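Chemist: what follows is a predicted structure for the sequence shown.
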Amino acid sequence: MKLEEVKTLLKEKNQEQLLKFYDELSDEQREKLLEQISEIDFSLIDTIDNEGDASPKGEITPIRDVASIKDIADNHTRFEQVGLEAIEKGEVAALLLAGGMGTRLGSDKPKGMFNIGETKDLFIFECIVNNLMDVVDKAGKWIPFFIMTSEKNDADTRAFFEEHAYFGYNPDFIDFFKQEMAPACDFNGKIFLEEKDRVATSPNGNGGWYISLINAGLRDKAKEVGVKYLNAFSVDNVLQRMADPVFVGAMIDGDYRSASKVVAKTEPTERVGCMCLEDGKPSIVEYYELTDEMAHQKLDTGEYAYNYGVTLNYLFTIEDLEKNVETNMPVHVVRKKIVHVDDDGNTVRPEEENGFKFETLILDMVHQMDDCLAYEVDRKKEFAPIKNRTGVDSVDTAKELLKLNGVEL
């Protein structure tokens with residue numbers, strides 16, 4: 001868009017502050033700013049009236065479709081055979097959600113670049129690739145591997161993989177793509193400038209991966225090579241198994257439309273989202289949404305009704321994702337501390353929440369599915385999230401679990 005077109009747009013949207021420093025910018029800075037403004041989804045600003053709570057939670061009831069560790073062990077051979085057949089046909093792809101930074105770990109680099117080795121280098125990205133290579137070796141087939149970065153970590157992530165020779169993975173089967181960005185605004189709906197020549201933006205949440213895949217042209221590539229199933233997972237968990245043939249096979253064998261790897265909660269009030277039904281459809285209830293009564297509710301079997309915590313490892317069919325792609329996913333409006341420049345062009349780093357960011361969540365993608373198999377895994381073998389530098393779900397706890405599973409650090 002040309003300058004006059006942008007001016008007209010901003011006047012219509014009451015966002016003229018975005019050009020406040022335009023006259024001070026170089027030609028290159030001006031061009032990039034105009035391009036960024038032209039890509040803003042201004043409709044997001046309309047959601048702040050109700051802070052994104054477009055609809056309240058429906059009736060929450062326990063999930064019915066659960067494959068317990070025992071069930072999986074009893075059917076392991078059949079599930080694995082079914083899953084390996086799908087992988088060998090090229091029907092399964094892995095999709096890593098890796099747009100985050102390692103800020104909470106004390107790093108200013110992509111989270112996946114964090115080194116958790118003790119006697120040698122061992123990076124989070126390396127752990128992920130090693131786990132995926134186990135399936136490649138078993139299937140004798142390279143698995144399409146999509147890696148979603150963000151605007152802020154894309155260049156570093158690509159360079160890091162290249163520098164480390166993709167940790168042994170065939171680069172012909174790796175595709176990087178950037179997550180879509182959403183604007184950040186103050187409590188009055190005015191979009192911030194992060195710098196004089198740059199709009200304040202943030203990734204559009206972990207539910208934005210499929211639309212980002214489409215916009216990068218990679219959905220079409222996946223379909224062209226015959227991919228039917230997409231396994232989306234987070235960079236956090238260094239023990240997780242992706243494109244796991246037994247997981248894939250359990251979903252296909254049971255004729256499910258989606259599946260989620262889950263772990264049994266350590267206690268009823270563990271701070272983890274858990275699988276449930278919402279108005280009869282699969283969903284995820286956050287720990288803070290469970291009443292004490294619900295958290296301690298038991299089934300006839302004696303098991304806790306809301307016992308299975310999600311690990312952010314989901315399996316979807318492209319067919320169902322396609323059906324739902326035109327459906328407007330709920331936008332969650334989140335209060336955040338947003339760095340910005342003030343009217344004088346000075347950088348402000350607020351100590352308190354000063355505005356809104358906009359996110360879509362993968363839990364809403366789950367709720368769009370007709371069903372979802374809760375597939376239980378042993379948390380000691382497949383759940384080592386790294387969210388903090390120390391304490392719970394930290395570098396320290398992940399290291400101990402890696403050692404327990406025979407990984408050399």
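Modeler: Looks like it came in fine.
Chemist: now the strands for the stretch 1-150 of the chain?
Modeler: Ranges of strands in the stretch 1-150 of the chain, per DSSP state E, counting those that start in this stretch, are 60-61, 66-67, 92-97, 145-149.
Chemist: save the ones you listed as a markdown table, and put in mean pLDDT, distance to Met294 and mean neighbour count too.
Modeler: C-beta here means a position set from N, CA and C on the backbone, and glycine is covered the same way. Supplementary listing: those in a markdown table, determined by pLDDT from 0 to 100; distance: least, Cβ to Cβ, whole Å; neighbours: other Cβ atoms under 10 Å:
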| stretch | mean pLDDT | distance to Met294 | mean neighbour count |
| --- | --- | --- | --- |
| strand 60-61 | 94 | 7 | 16 |
| strand 66-67 | 95 | 17 | 20 |
| strand 92-97 | 98 | 29 | 26 |
| strand 145-149 | 97 | 33 | 25 |
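Chemist: figure out which of those strands is closest to Arg335.
Modeler: Among these, strand 92-97 comes nearest to Arg335, with 22.8 Å by Cβ to Cβ.
Chemist: for the closest one, packing partners?
Modeler: Packing contacts for strand 92-97, counted by 3 or more Cβ pairs under 8 Å, 6 or more residues apart in numbering; DSSP states H and E, involve strand 145-149, helix 209-215, strand 229-234.
Chemist: list the buried residues for the second one?
Modeler: Within helix 209-215, the residues that qualify as buried by neighbour count (16 or more other Cβ atoms under 10 Å) are 209-214.
Chemist: turn those residues into TSV, including pLDDT and distance to Val395.
Modeler: Output for the buried residues of helix 209-215, formatted as TSV (pLDDT from 0 to 100; distance: Cβ to Cβ, whole Å):
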residue	pLDDT	distance to Val395
Trp209	94	25
Tyr210	94	30
Ile211	91	32
Ser212	93	28
Leu213	96	30
Ile214	94	35
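Chemist: what's around Glu162, how many residues?
Modeler: If you count neighbours by other Cβ atoms under 10 Å, Glu162 ends up with 10.
Chemist: buried residues, the host helix or strand of it. List them.
Modeler: Element membership for Glu162, per DSSP states H and E: helix 154-163. Under the neighbour-count criterion of 16+ other Cβ under 10 Å, helix 154-163 has 154, 156-157, 160-161 buried.
Chemist: distance to Asn324 and pLDDT added to the residues you listed, as JSON lines?
Modeler: As requested, those are exported to JSON lines (distance: Cβ to Cβ, whole Å; pLDDT from 0 to 100):
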{"residue": "Asp154", "distance to Asn324": "26", "pLDDT": "96"}
{"residue": "Asp156", "distance to Asn324": "32", "pLDDT": "97"}
{"residue": "Thr157", "distance to Asn324": "28", "pLDDT": "98"}
{"residue": "Phe160", "distance to Asn324": "33", "pLDDT": "98"}
{"residue": "Phe161", "distance to Asn324": "31", "pLDDT": "98"}
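Chemist: closest one to Leu409 among the helices and strands packed on strand 92-97?
Modeler: Among these, strand 229-234 sits nearest to Leu409 (Cβ to Cβ), with 21.3 Å.
Chemist: the closest one versus strand 145-149: what angle between them?
Modeler: Using axes from the mean of the first three to the mean of the last three Cα atoms, to 10 degrees, the inter-axis angle of strand 229-234 relative to strand 145-149 is 40 degrees.
Chemist: make sure Val199 is actually in contact with Ile191.
Modeler: Yes: here Val199 reaches Ile191: they are 6.3 Å apart, a contact under Cβ atoms under 8 Å.
Chemist: between those two, which one's more packed in?
Modeler: Ile191 (24 against 20).
Chemist: below-threshold pLDDT in the stretch 301-409 of the chain: ranges please.
Modeler: Across the stretch 301-409 of the chain, nothing is flagged by pLDDT under 70.
Chemist: can you give me the helices for it?
Modeler: 318-324, 362-367, 379-382, 395-404 (DSSP state H, counting those that start in this stretch).
Chemist: check those helices for me and report the most buried one.
Modeler: helix 362-367 (a mean of 22; mean count of other Cβ atoms under 10 Å).
Chemist: need the residues that contact it.
Modeler: Helix 362-367 has contacts (Cβ atoms under 8 Å, 6 or more residues apart in numbering) with 205-207, 209-210, 232, 258, 260, 273, 278, 281-284, 310, 312, 314, 316, 321, 324, 329-330, 372.
Chemist: ok, stretch 235-243 next?
Modeler: 87, 92-94, 96-98, 100, 111-112, 116, 124-125, 127-128, 131-132, 134-135, 143, 231, 233, 247, 261, 311-313, 377, 381-387, 398, 401-402, 405.
Chemist: got a quick ChimeraX command for the buried subset of those?
Modeler: This is how ChimeraX selects the buried members of those, with burial counted by 16+ other Cβ under 10 Å:
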select :87,92,93,94,96,97,98,100,111,112,116,124,125,127,128,131,132,135,143,231,233,247,261,311,312,313,377,382,383,384,385,386,387,398,401,402
